[in-house]
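Novice: After the sequence you'll find the predicted model.
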Amino acid sequence: MNINNTVKSKLDEKSLMLLIPQRSYLELVSIVIIIILFSFSLYFLSGFKLSYSDSNQTDNDQLIGVNMKGMYTSLNYERFPNVTITSDYYDKSFKLIKNIGLNHVRYVLYWEAYENNPTLFLQELENVANLADKWGLNMIYDNHQFHTSSWLDNKRGTGFPSFLFDKHLYSINSGVTTSSNSSTTELWWKNWWNRTITDKENTIDGWILQANFLKTLVKLLDTHNSTKGYEILNEPQVFSKDQWSKIGKYYENMINELRNHTNKTIVIDMTIPIKFHDPVINVTSENMAKIIPKDRNSIFKISLYGIPIDDNYQDRKLELLMNISKIANIPIYVGEWNNVNREKKLTEKNTDDVSKINSTNSDLTQNESDTLVNKFSSLKVYGWAFWNWNYVNTPPQNFNLINFATNGDILPTKYFYILKNSVDKLNMNMTSKT
């Protein structure tokens, strides 16, 4: 090494630095520091966003899928003891679902099914999650209730476990009428929103018990790539206008409990019934928006069982629910959809959405399916799930995408192909736009 050249180089650098005014030098250093801090800030914010939101879905993705019921996660295995599912049922089902262009399953499960047999419940659920990972599906796990509980309606009801029902206040099978007409059902929901429902020992309130159940689901499912989120409670019931804010407190409590354990999407459900011009519950967009607490990773689940056209009941219902989405600044998720014919004609004076379904006259045509799928696409909803993928054949027939043969084969119904055609057309339209 030439020592003279090295010394000269060092002297040249020193001379150069002396030529730069001190103030300019300090400004240059300040600018460099600001750039470095800004870069770190962007990195931090980007990382926070990815950790809070589920990175499985981008802004351009839309969940499109089906509702699915299980066996030990449901009560169907008790009511239909001769119907069982084979060990490869989920694998075959998920393959069919994926192959027709769907990416999502809203998995319906019941709290009372867990209490009935927690071991089999969790084993089945873990199998579902593992296979959903395999097939690359986005799963939303729905804590479902229908007619509140089998305690109140032992033929059709499912949901809340029996230990939440004081037999002196709520006699067994006393809620078999429609949910809006049963005084027993109304009393139970009133007490639920007032947070006075407890276990049989009267030691733990129901909200805490339900939160603990949901945390059990989170503990099992949250690490799975397929887990998109959790639905707190399917279609809770409202019976008076003073309950809107109480339902909001319930949802806020549940979200706060879950946010200590998961950053996945949390689903908040619309209430039922939706009856227009009823002063008792006063269903308005402003009132229902009161049930939705602030949470930046939540979505608002609605159900649509008809074609919204020409200012009919379904059209006014959809407008109401979309307004709630705007007021609360929350994405819409059509967690259930199909087309049904009801026994009672829906009019301005009689708009009860829990009217009895006419199974004989209910149907879903290709045009109706296309109309609904295109409607959801144009509204840019967060996602949708067709009702239903069920191994038990239930009325009406358009609720069944499959039949389950006694030898274990899954037999797609005509509604499976109707849905497939609608999805094919949707994908073709999206491809042509790009």
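Specialist: Arrived safely, thanks for sending.
Novice: G206 and L187: what is the separation?
Specialist: G206 is 14 Å from L187, where distance means C-beta to C-beta, to the nearest Å. To be clear about C-beta, it is placed using only N, CA and C from the backbone, and glycine gets the same treatment.
Novice: So the two - more neighbours on which side?
Specialist: The neighbour comparison of G206 against L187 (other C-beta atoms under 10 Å) goes to G206, with 19 against 15.
Novice: so what are the domain limits for the chain?
Specialist: Domain segmentation of the chain under automatic domain parsing yields 3-41, 63-433.
Novice: any idea which of the ones you listed scores lowest on pLDDT?
Specialist: Set side by side, these give their lowest mean pLDDT on domain 3-41, at a mean of 44.
Novice: ranges for the strands of the stretch 301-434 of the chain?
Specialist: 332-337, 383-389, 402-404, 410-412 (DSSP state E, counting those that start in this stretch).
Novice: want to throw these into a markdown table with distance to G306 and mean neighbour count?
Specialist: Output for the strands of the stretch 301-434 of the chain, formatted as a markdown table (distance: least, C-beta to C-beta, whole Å; neighbours: other C-beta atoms under 10 Å):
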| stretch | distance to G306 | mean neighbour count |
| --- | --- | --- |
| strand 332-337 | 9 | 24 |
| strand 383-389 | 12 | 25 |
| strand 402-404 | 23 | 19 |
| strand 410-412 | 24 | 15 |
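Novice: Let's have the ones you listed in a markdown table, adding distance to T271.
Specialist: Conversion of those to a markdown table gives the following (distance: least, C-beta to C-beta, whole Å):
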| stretch | distance to T271 |
| --- | --- |
| strand 332-337 | 14 |
| strand 383-389 | 18 |
| strand 402-404 | 31 |
| strand 410-412 | 34 |
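Novice: of all those strands, which lies closest to I291?
Specialist: The closest of the strands of the stretch 301-434 of the chain to I291 is strand 332-337. By C-beta to C-beta, the value is 14.4 Å.
Novice: Need the winner for burial among the domains of the chain.
Specialist: Among the domains of the chain, ranked by average contacts under mean count of other C-beta atoms under 10 Å, first place goes to domain 63-433 (a mean of 18).
Novice: From the chain's centre, how far out is that domain? Work that out for me.
Specialist: Relative to its parent chain, domain 63-433 has a centroid offset of 7 Å by C-alpha atoms, centre = their mean, to the nearest Å.
Novice: mind checking the end-to-end distance for that domain?
Specialist: For domain 63-433, the first and last residues are 19 Å from each other (C-alpha to C-alpha, to the nearest Å).
Novice: can you pull the contacts of D91?
Specialist: L131, K134 (C-beta atoms under 8 Å, 6 or more residues apart in numbering).
Novice: likewise the one 10 residues further on?
Specialist: Neighbour list for G101: I64, K420, V423, D424, N427 [criterion: C-beta under 8 Å, 6+ apart].
Novice: Which of the helices or strands spans it?
Specialist: Using DSSP states H and E, G101 falls within no helix or strand.
Novice: any idea how far it is from V373?
Specialist: Separation of G101 from V373 (C-beta to C-beta) stands at 11 Å.
Novice: which residues do the two both contact?
Specialist: Residues touching both G101 and V373 (C-beta under 8 Å, 6+ apart) are V423.
Novice: for the stretch 101-250 of the chain, what spans make up the strands?
Specialist: Ranges of strands within the stretch 101-250 of the chain are 104-109, 138-143, 227-231, based on DSSP E, counting those that start in this stretch.
Novice: Dump the ones you listed to TSV, plus distance to V334.
Specialist: Listed next are those as TSV, based on distance: least, C-beta to C-beta, whole Å:
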stretch	distance to V334
strand 104-109	10
strand 138-143	12
strand 227-231	13
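Novice: my guess is S226 contacts G136, does it?
Specialist: Yes - contact criterion C-beta atoms under 8 Å: S226 and G136 qualify, at 7.4 Å.
Novice: F399: what's it in contact with?
Specialist: With C-beta under 8 Å, 6+ apart, F399 has these contacts: N338, W387, N388, N390.
Novice: Tell me the one of those residues nearest L120?
Specialist: Set against L120, the nearest of the contacts of F399 by C-beta to C-beta is N390 (18.6 Å).
Novice: That closest one and I402 touch, don't they?
Specialist: Yes - shown here, N390 and I402 form a contact pair, counting by C-beta under 8 Å, at 7.5 Å.
Novice: Specify the local secondary structure of I97.
Specialist: Recorded secondary structure, I97: helix (DSSP: H, G, I helix; E, B strand; the rest coil).
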